[in-house]
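Student: prediction below, plus the sequence it came from.
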Amino acid sequence: MCQGPRLRLLFTPGEIDRAIAGLAAQIDRDYGGEQPLLVGILKGAFVFLADLMRRLSIPVEVDFVRVASYGPGMESSGQIRLVQRLSTPVRGRHVLLVEDIVDTGLSLSFLVDYLGRKRPASLRLCALLDKPERRVVPVTIHYLGLTVPDKFLVGYGLDWDERYRNLPGIYVVEGD
Ligand code: IMP
Ligand code: MG
C-alpha cells in the first residue's frame, strides 16, 4: 500500500456538482447568443472544465494554457511563466478563463494580462474554488463556485505532488 497524508472530506461529488450547475446557469444566461472560448488552466482545471462545459447549453469552444511558477515547492515564488500557449486566436472573442482554485492570484493576474493584450471582446474568470485569505494580487472572479479556508486541498483535479487529481471529491490534506 502507498503511504500518504490523512485526507478529510471537504466537498462531496454531489456538492461540487450542485456548485457547477449554479455556475453553468449563470454562464448560460450571460453568454446567451454568443459562443465563448473557454480557456482551461492546466493541469488542475481540466476536471472542472470537463464537467462545467457539459452543463452548459450554449455552444462553446475550448482551449488550454499552462503556467508554471519559478522555484521549487508548494509556495508560489511569484514569477509566473507561460509553459503552453493558446492555439486559438483570441482577438474579438468572448474568453472565459476557467481555473480550479484561486490562491495568491499571481497566475491569474498574469493570464488576465497575457490574454487581455490579445484584444478579446471580453475576458472573464470562472473559478470553482477561492481561497481568499491567501490573496496577494487582487483578481475579479466573475463566476465563483465555493469559498474555501486556507488549507491545502486535493482531489477533483487538484494535486499534492501530482497525486490525488483523480479523487471525485475535494479533501483537506491534514498534517500528521
Ligand atoms: P495562484 O493563485 O497563482 O497562487 O495559484 C493557483 C494555483 O495553485 C492553482 O491553479 C493550483 O494549481 C495551485 N493551488 C493553489 N492552492 C492549491 C491547493 O490547495 N491544492 C492544490 N493546488 C493548489
Ligand atoms: Mg491550477
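Tutor: Thanks, I have the structure now. Ligands and ions are numbered 1, 2, ... in the order given.
Student: from here on, just use CA atoms for contacts and neighbour counts.
Tutor: Noted.
Student: can you give me the neighbour number for A127?
Tutor: The local packing of A127 (other Cα atoms under 10 Å) involves 23 other residues.
Student: so what's it bridging to?
Tutor: Here A127 sits in beta bridges with E99, L144, going by DSSP bridges.
Student: surely it meets L144?
Tutor: Yes: contact criterion Cα atoms under 8 Å: A127 and L144 qualify, at 5.1 Å.
Student: what about the strands in the protein?
Tutor: 6-11, 37-42, 61-69, 80-84, 94-102, 122-130, 143-147, 153-154, 170-174 (DSSP state E).
Student: now the ones you listed in TSV, with distance to F110?
Tutor: Converted to TSV, those look like this (distance: least, Cα to Cα, whole Å):
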stretch	distance to F110
strand 6-11	29
strand 37-42	12
strand 61-69	9
strand 80-84	7
strand 94-102	12
strand 122-130	13
strand 143-147	18
strand 153-154	23
strand 170-174	26
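Student: now mean pLDDT and distance to ligand 1 too, for those strands, in a markdown table please.
Tutor: Below are those laid out as a markdown table (pLDDT from 0 to 100; distance: least, Cα to the nearest ligand atom, whole Å):
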| stretch | mean pLDDT | distance to ligand 1 |
| --- | --- | --- |
| strand 6-11 | 98 | 12 |
| strand 37-42 | 98 | 7 |
| strand 61-69 | 95 | 8 |
| strand 80-84 | 93 | 8 |
| strand 94-102 | 98 | 4 |
| strand 122-130 | 98 | 9 |
| strand 143-147 | 98 | 12 |
| strand 153-154 | 98 | 4 |
| strand 170-174 | 97 | 8 |
